[in-house]
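**Q** From the sequence below, what's the structure:
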Amino acid sequence: MAPTDRYRRPADLPQQIPVFPLRGVILLPRAVLPLSVFEPRYLSMLEDIVSGSRIVGVVQPERSDSDEESPPGKTAGLRAVGCAGRLTAFQELDDDRVLVTVTGVARFSLVAEMATAKPYRIFEVDYDRFSDDFRVGAGEELVDRSNLLRVLKSYLEAHKLKADWRAILSAPSEYLVNSLSVVCPYGAEEKQALLEAKELKDRAAVLMALAEMELASGESGSGSAMN
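**A** Numbering: from 1, shown residues only. Okay, the predicted model is just below:
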């Protein structure tokens, strides 16, 4: 059983969770997000997560003029929707960084911030709006998989990127769409649109539209590769 399979309904997740605000970063159900953690406030958060529920929320800060990946303090506005994930890997490095892997479980709506003396932020969250996230593979049958693979192949070829095509072809549509959405090199607004897409087929459509617009413009995106 996968580590996240134990969460089958909203009640299986804590209603108050620490959140990790990260600009341009999203998490989605069953997708995997690797993170390098080095700030003291988030190292403290990791210690508490490891000894507790192992659940953390990943949420983007609201749009601002700042380009900081994670805004300091506790006053920065946060997007209304994020995603809860389980800490599934943890590795301490000699330079005081910690490498972690977070596997997505379900999206949430922020409800209220909790008062805490902790250096990080804790929010009450509500998963009910995203109850389908708890069903593995929900909506896969509605994804235009052949078109998704066509667009992905064109994208990879245009950017001269190599990929394990055998693994791609064998991956479930949910994992493929959500993983590509997490790693795709688009900005914060595009990432949030992918996160908030109501159903898997909608997210796949947004992902394909973004890739096709980039291919049509001849631009190379804004960061890492979709591989």
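**Q** The helix or strand harbouring residue 43: how far from the chain's middle?
**A** Secondary structure from DSSP states H and E places residue 43 in helix 40-50. Counting by CA atoms, centre = their mean, to the nearest Å, helix 40-50 is centred 19 Å from the centre of its parent chain.
**Q** in it, what counts as buried?
**A** 41, 42, 43, 45, 46, 49 (16 or more other CB atoms under 10 Å). All C-beta atoms are positioned from the backbone trio N, CA, C, and that covers glycine.
**Q** Averaged pLDDT, it. What do you get?
**A** When pLDDT is averaged along helix 40-50, the result is 94.
**Q** what's next to that helix, contact-wise?
**A** 18, 20, 37, 55-56, 70, 87, 90, 96, 98, 100, 118-120 (CB atoms under 8 Å, 6 or more residues apart in numbering).
**Q** Can I get whatever helix or strand comes next after it in CSV, CA atoms only?
**A** Next along the chain after helix 40-50, taking DSSP H and E as the criterion, comes strand 55-59. In CSV, the C-alpha atoms belonging to strand 55-59 read as follows (Å, rounded to 0.1, in the frame of the first residue of the first chain):
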residue,chain,number,x,y,z
ILE,A,55,1.1,16.2,6.9
VAL,A,56,2.0,19.6,5.5
GLY,A,57,0.2,22.0,3.2
VAL,A,58,1.9,23.5,0.2
VAL,A,59,0.3,26.8,-0.8
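**Q** any idea of the angle strand 55-59 forms with helix 40-50?
**A** 140 degrees (axes from the mean of the first three to the mean of the last three CA atoms, to 10 degrees).
**Q** How about residues contacting strand 55-59?
**A** So strand 55-59 is contacted by 13-14, 17-22, 25-27, 33, 45, 49, 78-79, 81-87, 102, 105, 108, 110, 123, 125 (CB under 8 Å, 6+ apart).
**Q** quick one: buried residues of the helix or strand just after that strand?
**A** Going down the chain from strand 55-59, the next helix or strand is strand 81-92, by DSSP H and E. Neighbour-count burial for strand 81-92, counted by 16+ other CB under 10 Å, picks out 81, 82, 83, 84, 85, 86, 87.
**Q** Closest one of these to residue 3?
**A** Closest to residue 3 out of those is residue 86 (5.7 Å), distances taken as CB to CB.
**Q** residues touching the closest one, list them.
**A** 3, 4, 7, 54, 55, 102, 103, 105.
**Q** Point out where the chain drops to low pLDDT.
**A** For the chain, residues meeting the criterion pLDDT under 70 lie at 65-67, 219-227.
**Q** So residue 208 lies in a strand, does it not?
**A** No. Secondary structure assignment (DSSP: H, G, I helix; E, B strand; the rest coil) places residue 208 in helix, not in a strand.
**Q** what's the angle from the helix holding residue 43 to strand 81-92?
**A** Going by the same axes, to 10 degrees, helix 40-50 makes 90 degrees with strand 81-92.
**Q** Now do the same contact list for the most centrally placed residue in the chain.
**A** Nearest residue to the geometric centre of the chain (CA atoms, centre = their mean): residue 27, 1.0 Å. For residue 27, the contacting residues are 33, 58, 82, 83, 84, 85, 102, 104, 182, by CB under 8 Å, 6+ apart.
**Q** picking that back up, CA atoms only for the helix holding residue 43 - export them in CSV, please.
**A** Coordinates of each C-alpha in helix 40-50 appear next as CSV, following Å, rounded to 0.1, in the frame of the first residue of the first chain:
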residue,chain,number,x,y,z
PRO,A,40,15.3,27.7,10.4
ARG,A,41,11.6,28.2,10.6
TYR,A,42,10.9,25.4,8.1
LEU,A,43,13.5,23.1,9.7
SER,A,44,11.6,23.6,12.9
MET,A,45,8.4,22.8,11.0
LEU,A,46,9.9,19.6,9.6
GLU,A,47,10.9,18.4,13.1
ASP,A,48,7.3,18.8,14.3
ILE,A,49,5.9,17.2,11.1
VAL,A,50,8.1,14.1,11.5
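**Q** No further questions, thank you.
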